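Undergrad: Sequence first, predicted model second:
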Amino acid sequence: MSFQHDEIITARNDVWRVVGIGLERDGATLLHLASTTRSRQQRNGAVPVQTTGWFAADGNEVDSPRPRDGGRWD
């Protein structure tokens, strides 16, 4: 399964819309997500709660893959 913008996924006990697709590494994809059920109020209106996470092709969240050199992400 490859992810697409505006796709709806379920993770972390919430329903999320994919707003950004990032790096792919070791079978996982970094996604920027916006909640479809929770928001916070600002002066200009409601803004969805947002998060990022690594997701496997099957849609399950996974731990962050290690950098290729085994060190830090710099």
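TA: Done, it's in. Numbering: from 1, shown residues only.

Undergrad: was I right about residue 16 contacting residue 6?
TA: No - assessed by CB atoms under 8 Å, residue 16 is found out of contact with residue 6, at 11.0 Å. Heads up, the C-betas are built off the backbone N, CA and C, glycines and all.

Undergrad: Pick out whichever of the two has more residues nearby.
TA: residue 16 (24 against 8; other CB atoms under 10 Å).

Undergrad: ok, the more buried one to residue 58 distance?
TA: 16 Å (CB to CB, to the nearest Å).

Undergrad: Check residue 28 too.
TA: Distance from residue 28 to residue 58, by CB to CB: 11 Å.

Undergrad: okay, these two: which has more neighbours?
TA: residue 28 (19 against 8).

Undergrad: Could you report the pLDDT at that one?
TA: Model confidence at residue 28, given as pLDDT, is 92.

Undergrad: Spit out the contact partners of it.
TA: Applying CB atoms under 8 Å, 6 or more residues apart in numbering, we find residue 28 in contact with 54, 55, 56, 62, 65.

Undergrad: what does residue 36 give?
TA: 8, 14, 15, 16, 17, 48.

Undergrad: Three-state assignment for it, please.
TA: Assigned with DSSP: H, G, I helix; E, B strand; the rest coil, residue 36 falls in the strand class.

Undergrad: Tell me how far it lies from residue 9.
TA: Relative to residue 9, and taking CB to CB, residue 36 is found at 10 Å.
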